[in-house]
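Colleague: Only the shape, not the letters, is given here:
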Ligand SMILES: [Zn+2]
C-alpha cells in the first residue's frame with residue numbers, strides 16, 4: 001500500500017534484498033489502506049499555547065523508504081503479533097507475574113492505535129477494539145485499574161500503570177472515535193483525585209511509587225490530556241497538585257532544579273525514563289496553561305542533556321540514570337530503550353511547541369541511530385540496553401523488560417512529525433521516500449511526494465502539489481552535519497538562508513507539477529573521543545553513526561579487539577561507502593563503509609601493526625545477526641603500551657553474563673563469572689601463541705555488585721599463575737599484594753577499574769597467565785562470582 005505505482009523508482013528490485021525482507025515487503029503490500037482520513041475526537045479545552053508545528057494524524061503521511069519500512073515492520077511483525085491474553089493477564093488475574101507488568105497494555109494501546117491509523121490494518125483494529133473492551137472490564141468498582149491486590153495498592157508501580165492505561169485508552173478513543181472507554185478513564189482519574197492530594201486524609205503521591213516520586217507523578221501527562229478531552233476542572237487541579245508535590249520536601253524538585261541548577265542528573269535520583277516521562281507531561285501542561293516557567297525548565301533539561309549527557313547515537317543514560325557531565329561509559333547498562341523513546345517524545349513535543357529545527361535534528365539522529373539500533377531490522381524484537389558495544393539484546397516477548405513495549409511507541413510516533421504543516425506552509429523534518437497528503441491551516445490541500453534513497457544517497461526530490469496555484473512556504477531542514485548542500489526549484493538553482501527557526505524556507509506560488517530538488521553531500525566525519533573514549537574514534541556517514549561488526553570482519557581478522565582505526569582524520573581512514581553485502585542488507589539502499597585499520601595485535605596471519613581494511617555498518621543495523629559490534633574504535637597500536645597480553649586469547653573459569661573483554665585496554669568493558677552458582681575458585685586467563693618475557697602482572701577489577709563481583713581475600717590475596725610452556729601445568733608466580741582486605745560479603749570499598757599489581761622478582765617467560773581467587777557472594781550467599789576489566793603483563797622495560 002505504501003508503494004505507489006512508481007514504486008520501482010523508490011525500491012530496488014526485490015531480487016536484491018534478503019529473502020525475509022522480500023517476504024515481508026510483499027506482506028506489507030497487501031495491507032489495506034484506510035478508506036477515509038481519520039478526524040480525531042476534538043478536545044473540549046483549547047490549549048493556551050497553540051502548536052507552532054502541527055501534530056499530523058498518521059494516516060496523512062506514508063513513508064516508503066528505510067524509515068517507512070521500519071514503521072511497517074513495527075506494525076506487521078510486532079504490534080499485530082502480540083497476544084492480547086498476555087497483555088491483559090495481570091489485570092484478569094491480579095497481581096500478575098511481576099510488579100510493573102500492568103504498564104504493557106496501555107503502551108501497546110498507544111503504539112497500536114497510532115500504527116493502525118497509519119496502516120489501516122483491519123486485523124490490528126480488531127485487536128485494538130478487543131483489548132480496549134477487555135481492559136475496561138477489568139476495572140474494579142471504585143475505579144481501580146491496576147494489577148495490585150487491594151492491600152498492596154499505591155506502593156510501587158500501580159499509579160504508573162494507570163498512567164499508561166489512560167494514555168492508551170485516550171489515544172484509542174481519540175483516533176477510533178469510539179468513546180466507550182471514557183467512563184472508565186474518568187473513574188480512574190476520579191480515583192486518583194480522591195486518593196492523592198494535600199488535603200486532609202489524602203495520600204502523598206510522592207510515596208506511591210519509585211524514584212523519589214518521579215514514577216507515580218508522571219501520570220501528569222494523561223491527566224492533562226483527560227482534562228483537555230473532558231473539560232473537567234478537577235483533573236487540572238490534580239495536575240497542579242502534582243507540580244506542588246514535585247517541590248515538597250520529599251519530592252524530586254523537578255522544576256526548581258531545572259530552573260536553578262539546570263542539570264537533569266540533580267533532579268530526584270536522576271532516573272532518566274521516569275524523569276523524561278514527567279517532562280513530557282510538563283510540556284503537555286505548558287501547552288494547556290501557558291505557564292512560561294515550565295517551558296523554561298524543559299528547555300534547560302534539553303540543553304543539559306544535549307550538551308553533557310547524550311551518547312553519540314542519541315542514547316541518554318547508563319544504569320538507567322543520568323550521571324555526571326560526560327560520564328558516558330560504553331558498557332554499563334547503557335541506552336535503555338524507554339529512555340530513547342521518551343527522549344524522542346520530548347523532542348517531538350518541543351518541536352511542536354517551538355517550531356525550531358534543532359529539535360527535529362535530534363529526532364532524526366535518535367531515530368536513525370539509537371531507536372532503529374534497538375529495533376530488530378524486521379521489527380519483531382527489541383533490545384533493553386542497546387550499548388555502544390557488545391551484542392544487541394533482542395527479545396521478541398514482553399517478559400522482564402519495560403523497553404519491549406516502549407520501543408514500538410517511538411516508531412509509531414514518527415509519522416506524526418516527519419512531514420507536517422505550520423502557519424507558513426509545509427515543513428519537512430525527516431527525509432524518507434513517500435507521500436504526505438497535508439492540509440494547510442487555511443484548508444488548502446497539499447500533496448508532497450518525496451523520491452529518495454536517503455540516507456543511502458543525498459539526492460531528494462520533492463514534488464509539491466497544491467491542486468490549485470497557491471503561495472506558501474516549504475520549509476526544509478538542512479542538517480548540521482551537512483557541510484555542502486544545494487537546492488533547485490523546477491531545475492533552477494536557488495540560494496536560501498536558514499531562518500531563525502533553523503529551517504530553509506522556499507516561499508513562492510506553488511502549482512501542480514512543481515519540483516524541489518535537494519542535494520545533501522553525504523560524507524564521512526570522524527569524532528575523536530574524549531573523556532571515557534580518549535584514544536578512540538567514532539565514524540559517521542551523513543546522519544548515520546557507524547560501528548564495526550564481527551559479521552563484517554572476514555577471515556583475516558576474527559575479533560573486534562584485534563582491530564584499531566588507522567587515524568583520526570577522514571583522510572587517514574579513507575572512508576568509502578559500498579553496497580551492503582547480502583548477509584547484512586537490511587534495506588534496499590543499505591550500505592557499508594570501508595575504512596583503513598591496523599591490526600592491533602597478532603591476528604590470524606597478520607602481525608601487530610599490519611595495515612588492513614575493515615567495513616563498518618550503520619549502528620541501526622549492527623549486531624543484527626547476533627554478532628558483537630563496537631562504535632568507538634581504539635586508535636593505533638595498543639601494544640605500544642607494552643602490554644604483551646594484547647596478542648593473546650582470553651578465557652575464564654565460567655562464561656558469565658557480561659560480554660566484555662579483558663584484553664581491549666578498556667576498563668569499562670569487563671567480564672564476570674556470574675552464573676548464579678557458588679564456586680570455590682574463579683580465574684581469568686590469557687594464553688599466548690608465542691612466549692613472552694614478563695616481570696609485572698596487572699589485574700584490573702571489573703565492577704562491584706551487591707551480590708559479588710570481587711575476590712574474597714579473607715583466606716589469601718588473589719594469586720597470579722603462569723604456564724612456562726604450552727603444555728605445562730599452572731604454577732603460582734605471586735599474588736596481588738595490594739588487593740584490599742575483602743571478605744565474601746564486604747568488598748572493602750573496591751571500585752570498578754581499580755588496578756592491582758604483582759611484581760615477578762625474576763623475569764619469566766610465559767605462555768599463559770591467569771589470576772585466581774575465591775569469588776565473593778555479597779548479599780546472596782547462594783552464589784558467588786568475580787569480575788575482571790583487564791589482565792595485563794609487562795616486561796622489565798615497561
Ligand atoms: Zn525500559
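Modeller: Here it is on my side, so go on. No experiment lies behind these values; they were computed from the predicted model shown. Residues are numbered from 1 along each chain as shown.
Colleague: Can you name the residues of the stretch 401-550 of the chain that neighbour the ion?
Modeller: 402, 403 (C-beta under 5 Å from the ion). All C-beta atoms are positioned from the backbone trio N, CA, C, and that covers glycine.
Colleague: can you pull out the strands in the stretch 401-550 of the chain?
Modeller: For the stretch 401-550 of the chain, the strands defined by DSSP state E, counting those that start in this stretch cover 419-422, 425-428, 434-439, 445-452, 459-465, 470-477, 485-489, 492-494, 503-510, 514-520, 524-528, 536-541, 544-549.
Colleague: Need the winner for burial among those.
Modeller: strand 544-549 (a mean of 27; mean count of other C-beta atoms under 10 Å).
Colleague: Smallest gap between the stretch 101-250 of the chain and the ion, at which residue?
Modeller: Nearest to the ion in the stretch 101-250 of the chain, going by C-beta to the ion, is residue 103, at a distance of 9.6 Å.
Colleague: Just give me the neighbour total for that residue.
Modeller: Residues within reach of residue 103, counting by other C-beta atoms under 10 Å, total 26.
Colleague: Tell me if I'm right that residue 154 and residue 203 touch.
Modeller: Yes: counting by C-beta atoms under 8 Å, residue 154 does reach residue 203; the two are 6.3 Å apart.
Colleague: who touches residue 413 in this structure?
Modeller: Contacts for residue 413 (C-beta atoms under 8 Å, 6 or more residues apart in numbering) come out as 114, 344, 345, 348.
Colleague: Give me the nearest residue to residue 43, chain neighbours excluded.
Modeller: residue 228 (4.2 Å; C-beta to C-beta, 6 or more residues apart in numbering).
Colleague: Could you say which helix or strand holds the one you found?
Modeller: Using DSSP states H and E, residue 228 sits in helix 220-230.
Colleague: ok, residue 154 and residue 203, which is more surrounded?
Modeller: residue 154 (21 against 14).
Colleague: The nearest residue to the more buried one once chain neighbours are set aside and residue 163: what is the separation?
Modeller: Nearest residue to residue 154 in three dimensions, chain neighbours excluded: residue 208, at 4.3 Å (C-beta to C-beta, 6+ apart). According to C-beta to C-beta, to the nearest Å, residue 208 and residue 163 sit 11 Å apart.
Colleague: These two: which is more packed in?
Modeller: Set residue 208 next to residue 163 and count neighbours by other C-beta under 10 Å: residue 163 wins out with 29 against 24.
Colleague: residues in contact with that one?
Modeller: 106, 218, 219, 221, 222, 277.
Colleague: And the pLDDT at the residue nearest to it when sequence neighbours are not counted?
Modeller: Leaving aside its chain neighbours, residue 163 sits nearest to residue 219 (4.1 Å; criterion: C-beta to C-beta, 6+ apart). Predicted confidence (pLDDT) for residue 219: 98.
Colleague: Equivalent analysis for the one 4 residues further on, please.
Modeller: Predicted confidence (pLDDT) for residue 223: 98.
Colleague: what does the one 5 residues further on give?
Modeller: Confidence per residue is given as pLDDT, and for residue 228 that number is 98.
Colleague: Share the number of residues neighbouring it, please.
Modeller: 21.
Colleague: cool, and the one 4 residues further on?
Modeller: Neighbour count of residue 232, defined by other C-beta under 10 Å: 19.
Colleague: pretty sure the residue of the stretch 101-250 of the chain closest to the ion is touching residue 161, no?
Modeller: Yes: using C-beta under 8 Å, residue 103 is in contact with residue 161, at 5.4 Å.
Colleague: just checking, what packs against the helix or strand hosting residue 651?
Modeller: Residue 651 is part of strand 649-652 when elements are defined by DSSP H and E. Packing contacts for strand 649-652, counted by 3 or more C-beta pairs under 8 Å, 6 or more residues apart in numbering; DSSP states H and E, involve strand 682-701.
Colleague: beta partners for the closest residue to residue 716 other than its chain neighbours?
Modeller: Residue nearest to residue 716 in three dimensions, not counting chain neighbours: residue 735, with 7.2 Å by C-beta to C-beta, 6+ apart. Beta bridges link residue 735 to residue 719, judged by DSSP bridges.
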